[in-house]
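Trainee: next input, structure requested:
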Amino acid sequence: MIIIGFGLVYLPSTAPAQTPTPSPKEEAGPVKHYTIEQFMKTTRLGGSAFSNDEKAILFHSNKTGIFNVYSVPVTGGAPKQLTNSTKESTYLVSAFPNDARFLFTYDKGGNENSHLYIRELDGRERDLTPGEKTKANFLRWSHDRKSFFYSTNERDPRFFDIYEMNIANFRPALIYRDDTGYEFGDISNNRRVIAFKKSGNSTADSDVYVYNAETKSMKNITPHTGNVSNTPQAFDVNSKYLYYLTDEGGEFAHVARYDLRNGQHEVVEKAAWDVSAISFSRNGKYRVVAINEDARTKLKVIEEATGNPVPLPELPDGDITGVTISDSETRMAFYHNGSRSPNNLYVYDFAANKATRLTESLNPEINAADLVDARVIRYKSFDGLEIPGILYQPQGASPENKVPAIVLVHGGPGGQARTTYNAVVQFLTNHGYTVLDVNNRGSSGYGKTFFTADDRKHGREPLWDCVEAKKYLAALGYVDEKKIGIMGGSYGGYMVLAALSFKPEEFNVGVDIFGVSNWVRTLQSIPPYWESEKKDLYAEIGDPTTQAQMLREISPLFHADKITKPLIVLQGANDPRVIKPESDEIVEAIKKKNGVVEYVVFDNEGHGFTKKENEIRAYKAILDFLDKYLKGSGDSQPAG
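Mentor: Reported below is the predicted structural model:
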């Protein structure tokens, strides 16, 4: 899912299986409190690509305040800035195989119409996919590295055609025209077969299709009945097999492969959790498998010739993600991330079994000991269903020193709260707020039954899970049960508005970031390039053409008169997913009732934050709001 969301007896929540123990920092001395400016001096990193000579790794960082592309030697050293955007965040796509050029991407003001750009050797930048409303996606390099594949909706805004661009002349050649709504998976090294995903009748239903470029024929290789999710991943190096993920026959996704010669299917690998990704190094020496294990990523690198796992470096507790193996298959770039430690880029030498850390993301003014660990917890909801969550306990919180708390709701609806570093959460806990990041029913990572348990139930059962999260917090002993608010972004923002509208006495305040207030309008105004997922979206939330009344019933805008608790709303002016009128109208409705509402609009953002100055403004506004209306229990003043 892209976006963005009666009469039962409530059962008492259970106490936590184990009460979190105080951090050693409590005994060592008082916790230092940091400003939002200090938190935002921590740099966000992403992307990775080895340079053509494999002596450096390219990545993007927001060190300057917005994202730009950098390069850092594999032996370590100071990163060198390669792009110099001061207006739009610029993200690395890939490095060229034979020289120092590279591909990057950006959109305009958060409108999500990203283009592919090339940075030439002389520093000039060129748009390879021009068009005011064009959205382009890099897919992959050809195996011979003489061209790359990409998709664009230039011809039809609803669908993405696939092109091959030769880097000798940068002339695109159409290799697949999409008039149906397929999602690209991979293309075989011999260029003969393209794998696609096609959505079915629900968010948990999809098939893998293979297109034969020689015969121009399309075939569904995973026909089934019921809810089965099938997702293509990668062809093997010899173009004999297509590897894909499927949850057929169980709750969780496993790895299977399809023999392109005889059409046979074979199970390759299963785990007790969802396998979330599988990929191969360029020449097939290594297979990389990622497993979503209880809100954490467990990574395996397997030597294909022997089937033996490659020993990974000993690192502090956290996740290894974002793996890129060099074309020579001698080194691996990856990110390491923990709840107290933001993403840092590493390079691993396979032969030497040595990992080198290349970045230092955390602001040196911040002592990691002043931050808190993420703890996975579970609680029983109103109907007995076990709900996972990630708990952050402020240092110093105790029954003698009770603190306010926030129920945090992720986006999606099918997103997942995870144990990785979260700057906003650490900022809030550092200022004395307990945070419970809830994986309410409908979240991914806990099996397809749990994932589909919220379908057509938004505003009810998933919301009630959040109400039970509040009860869980109140039972911890160190939370002030009279000071619990709810906060979320995108679909999580909808949950905030739903909580204040449909359960108006449960939460003391609400923090809505880019949240849906009117499902009818949101579903009618989705970007045209979501065509391939529109059916899923309607199955998940509702069809605005046939179920408009039902959607009005679950839309907070039409129940805003019930909102009595203070609310802050944050909105990107250029948001194509949850358009600005969604926030404008809920704010206006509350003002008309003389309610307490604050409204913060960002003129140069879309569905999320890409600029540090906006993050600082947003999170400072949130903390000031919470300090006044939750921690301080400030009087509710009429809206101005």
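Trainee: ok, now how distant is the most centrally placed residue in the chain from residue 619?
Mentor: Centroid check for the chain by CA atoms, centre = their mean gives residue 415 as the closest residue, at 7.0 Å. With distances taken as CB to CB, to the nearest Å, residue 415 is found 20 Å from residue 619. Where C-beta positions appear, they are placed from N, C-alpha and C, glycine not excepted.
Trainee: do the same with residue 449
Mentor: Separation of residue 449 from residue 619 (CB to CB) stands at 36 Å.
Trainee: for the two, indicate the residue with more neighbours.
Mentor: Neighbour tally, residue 449 and residue 619, criterion other CB atoms under 10 Å: the higher count belongs to residue 619, 19 against 12.
Trainee: that one: what secondary structure?
Mentor: Here residue 619 is helix, with the state taken from DSSP: H, G, I helix; E, B strand; the rest coil.
Trainee: for the one 10 residues further on, same thing?
Mentor: Per three-state DSSP, the local secondary structure of residue 629 is helix.
Trainee: what segments of the stretch 401-550 of the chain are helices?
Mentor: 423-430, 448-451, 461-474, 491-502, 519-524, 531-540, 548-553 (DSSP state H, counting those that start in this stretch).
Trainee: and of these, who's closest to residue 148?
Mentor: Judged by CB to CB, the one of these that comes nearest to residue 148 is helix 531-540, at 22.1 Å.
Trainee: which strands and helices sit next to that closest one?
Mentor: strand 193-199 (3 or more CB pairs under 8 Å, 6 or more residues apart in numbering; DSSP states H and E).
Trainee: can you list the strands that the strand it packs on pairs with?
Mentor: strand 183-187 (antiparallel), strand 206-212 (antiparallel) (DSSP bridges).
Trainee: how many degrees apart are that strand and helix 531-540 in direction?
Mentor: When axes from the mean of the first three to the mean of the last three CA atoms, to 10 degrees is applied, the directions of strand 193-199 and helix 531-540 differ by 30 degrees.
Trainee: residue contacts, the residue nearest to the centre of the chain?
Mentor: By CB atoms under 8 Å, 6 or more residues apart in numbering, residue 415 lies in contact with 443-444, 491-492.
Trainee: among those residues, which pair sits farthest apart?
Mentor: Spatial extent of the contacts of residue 415 (CB to CB) is set by the pair 444 and 492 at 14.1 Å.
Trainee: which of these two has more neighbours?
Mentor: More crowded of residue 444 and residue 492, by other CB under 10 Å: residue 492, with 31 against 21.
Trainee: chain neighbours aside, what residue packs nearest to that one?
Mentor: Using CB to CB, 6 or more residues apart in numbering and skipping residues adjacent in sequence, the residue nearest residue 492 is residue 409, 3.7 Å away.
Trainee: now do the contacts for the one you found.
Mentor: Contact analysis of residue 409 by CB under 8 Å, 6+ apart lists 438, 440, 466, 486-488, 491-492, 495-496.
Trainee: which strand runs longest in this protein?
Mentor: Longest strand in the chain by number of residues (criterion: DSSP state E): strand 479-489.
Trainee: that one pairs with which strands, and in what direction?
Mentor: Partners of strand 479-489 in its sheet, by DSSP bridges: strand 403-409 (parallel), strand 510-513 (parallel).
Trainee: ok, which of those strands comes nearest residue 302?
Mentor: strand 403-409 (35.7 Å).
Trainee: what angle separates the closest one from helix 423-430?
Mentor: Using the same axes, to 10 degrees, strand 403-409 lies at 160 degrees relative to helix 423-430.
Trainee: rewinding a little: kindly reformat the contacts of residue 409 as TSV containing pLDDT and distance to residue 127.
Mentor: Shown next, in TSV, are these (pLDDT from 0 to 100; distance: CB to CB, whole Å):
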residue	pLDDT	distance to residue 127
438	98	42
440	98	42
466	98	44
486	98	42
487	98	38
488	97	36
491	97	33
492	97	34
495	98	39
496	98	38
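Trainee: top of the residues you listed by number of neighbours, please.
Mentor: residue 495 (35 neighbours).
Trainee: residue 486 is in contact with that one, correct?
Mentor: Yes: counting by CB atoms under 8 Å, residue 495 does reach residue 486; the two are 7.2 Å apart.
Trainee: give me the common contacts of these two.
Mentor: Common neighbours of residue 495 and residue 486, using CB under 8 Å, 6+ apart, are 409, 466.
Trainee: my guess is residue 503 meets residue 465, correct?
Mentor: No: contact criterion CB under 8 Å: residue 503 and residue 465 do not qualify, at 11.6 Å.
Trainee: quick one: which of the two has more around it?
Mentor: residue 465 (26 against 17).
Trainee: from the contacts of residue 409, pick the one nearest residue 312.
Mentor: Distance to residue 312, by CB to CB, is smallest for residue 438 among the contacts of residue 409, at 30.9 Å.
Trainee: and that closest one, how far from residue 381?
Mentor: Relative to residue 381, residue 438 is positioned 10 Å away (CB to CB).
Trainee: and for those two, which residues touch both?
Mentor: Joint contacts of residue 438 and residue 381 (CB under 8 Å, 6+ apart) are 387, 465.
Trainee: rewinding a little: possible to save the contacts of residue 415 as TSV with distance to residue 375?
Mentor: Shown next, in TSV, are the contacts of residue 415 (distance: CB to CB, whole Å):
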residue	distance to residue 375
443	17
444	20
491	24
492	20
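Trainee: wait, which of those is closest to residue 244?
Mentor: Set against residue 244, the nearest of the contacts of residue 415 by CB to CB is residue 444 (17.5 Å).
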